[in-house]
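Engineer: okay, here's the prediction I keep looking at, along with the sequence it came from:
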Amino acid sequence: MRHVDITVDGGPVRVYLAGDAGPALVLLHGAMLDTGLGVWHDVIADLARDHRVYVVDLPRHGGSRPWRGTLDDRFYRRFMGELLDELGLDRVGLIGLSLGGGVATGFALEHPDRLDALVAIGPGGLDAVRPYQFLTWVGIRTPGLLRATSWLLARFPGLVRSSLAATLTAGADTPGFDRIVDSAVEEARAKNRHGERALDDWQVQAYGPRTMRVYLTPELHRLAVPTLWIRGANDPLVGADVLDAAHARTPDSRLVTIAAAGHIVTYDQPAEFLRVLREFLSDCRE
């Protein structure tokens with residue numbers, strides 16, 4: 001797939017391009033070992049039939065390296081606007097998974113004029129308190145722990161494979177499982193090679209000792225963009241109650257739960273994801 005390497009906010013960003021005509025869609029992946037061509041692999045070709053698709057490697061992922069500084073929620077709200085400017089895109093449909101969903105939601109709150117539609121799949125940033133909040137906060141601030149985790153995953157790819165087998169609904173029987181594992185292992189090695197931590201700054205900075213510092217749900221009443229919330233029915237990371245609350249607060253939104261899917265819906269149920277997404281985008285354009 002063709003790509004462009006651009007500079008955004010002083011750092012390198014790789015964007016993969018597909019499709020020659022139609023509305024623009026910008027796709028944002030998740031955290032840790034995710035990349036643009038990883039989580040979106042099975043849906044790009046279908047979307048490119050009638051859209052201009054921009055698949056972003058977020059900073060410190062895939063081909064978007066190296067980066068300095070703290071890449072937190074404030075950074076991403078600025079980064080996304082500059083990214084769209086650099087790509088020459090005035091208005092887009094913004095689709096994000098996990099970390100990407102949280103980033104997309106934060107940007108939509110500040111810049112609704114830049115979006116035709118928002119799609120957030122198992123997004124981060126919607127919980128007031130996470131399970132094991134204090135213990136997680138302590139762990140992620142333990143000096144050296146997150147870089148040691150990157151080293152461990154890079155040295156022992158079997159850990160990546162077993163983790164993905166446990167995460168995906170069909171386990172090792174997931175279509176393309178070996179490709180998914182190879183992509184994640186390559187990303188683990190890149191993180192270690194560049195001295196990066198296993199978790200993204202957005203995740204680390206979002207945690208406080210007792211409550212989350214990035215908590216978008218109370219702001220969703222002012223979200224002025226047609227919004228689709230998506231959750232895998234088996235998602236262990238984002239609870240049904242969390243997305244129910246987000247949907248209830250968002251003025252123009254719908255909520256879809258996809259059966260037989262976990263957190264990474266695009267790996268577990270790509271065809272159903274595409275069906276739901278296309279129905280929503282079609283309704284937005286009527």
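Structural biologist: The structure has been received and is ready for your questions. If you're wondering where the values come from, they're calculated on a predicted model, not measured in any experiment.

Engineer: what sits up against stretch 73-87?
Structural biologist: 6-9, 13, 15, 26, 54, 56, 59, 69, 71, 90, 92, 94, 102-104, 106-107, 110-111, 114, 125, 201-202, 205-206, 214 (Cβ atoms under 8 Å, 6 or more residues apart in numbering). For the C-beta atoms, the positions are set from N, CA and C on the backbone; glycine is no exception.

Engineer: just the ones in helices from those residues, please.
Structural biologist: Among these, the members falling in helices (DSSP state H) are 102-104, 106-107, 110, 201-202, 205-206.

Engineer: now the two most distant members of those.
Structural biologist: Glu110 and Asp201 (18.6 Å; Cβ to Cβ).

Engineer: these two: which has the busier surroundings?
Structural biologist: Asp201 (20 against 13; other Cβ atoms under 10 Å).

Engineer: hmm, Arg68 and the more buried one touching each other?
Structural biologist: No. Contact criterion Cβ atoms under 8 Å: Asp201 and Arg68 do not qualify, at 11.2 Å.

Engineer: which one of the ones in helices among the contacts of stretch 73-87 is nearest Val119?
Structural biologist: Closest to Val119, out of all of the ones in helices among the contacts of stretch 73-87 and judged by Cβ to Cβ, is Ala104, at 7.7 Å.

Engineer: how about the closest one, nearest residue that isn't a chain neighbour?
Structural biologist: Closest residue in space to Ala104, ignoring its immediate chain neighbours: Gly96 at 3.5 Å, by Cβ to Cβ, 6 or more residues apart in numbering.

Engineer: got it, and Ser183?
Structural biologist: Closest residue to Ser183 apart from its sequence neighbours, by Cβ to Cβ, 6+ apart: Gly38 at 4.3 Å.

Engineer: the one you found and Leu126, how far apart?
Structural biologist: 23 Å (Cβ to Cβ, to the nearest Å).

Engineer: tally of neighbours for the residue nearest to Ala104?
Structural biologist: Around Gly96 there are 29 residues (other Cβ under 10 Å).

Engineer: what are the contacting residues of the helix or strand containing it?
Structural biologist: Per DSSP states H and E, Gly96 falls inside strand 92-97. Strand 92-97 is contacted by residues 23-30, 34, 39, 51, 54, 80, 84, 102-105, 107-108, 114-123, 264-266, 277, 281, 284 when judged by Cβ under 8 Å, 6+ apart.

Engineer: go with 6 Å
Structural biologist: 24-30, 39, 103-104, 115-121 (Cβ atoms under 6 Å, 6 or more residues apart in numbering).

Engineer: just the mean pLDDT for that strand, thanks.
Structural biologist: Average pLDDT, strand 92-97: 98.

Engineer: now do stretch 4-19
Structural biologist: Stretch 4-19 comes out at a mean pLDDT of 97.

Engineer: so how far is the one helix or strand Arg275 maps to off the chain centroid?
Structural biologist: Here Arg275, judged by DSSP H and E, is contained in helix 270-284. Averaging C-alpha positions (Cα atoms, centre = their mean, to the nearest Å) puts helix 270-284 18 Å from its chain's average.

Engineer: tell me the contacts of Gly22?
Structural biologist: Here Gly22 is in contact with 50-52 (Cβ under 6 Å, 6+ apart).

Engineer: ok, those residues vs Phe273, which is closest?
Structural biologist: The closest of the contacts of Gly22, once distances to Phe273 are taken by Cβ to Cβ, is His51, at 14.6 Å.

Engineer: distance-wise, check the closest one relative to Val92.
Structural biologist: 10 Å.

Engineer: return the set of buried residues in the helix ranked longest in the chain.
Structural biologist: The single longest helix within the chain, with elements called by DSSP H, is helix 177-193. Residues of helix 177-193 classed as buried: 177, 180-181, 183-192 (neighbour count, 16 or more other Cβ atoms under 10 Å).

Engineer: for the residues you listed, which one is nearest Trp137?
Structural biologist: Lys191 (21.6 Å).

Engineer: thanks again, I'm all set now.
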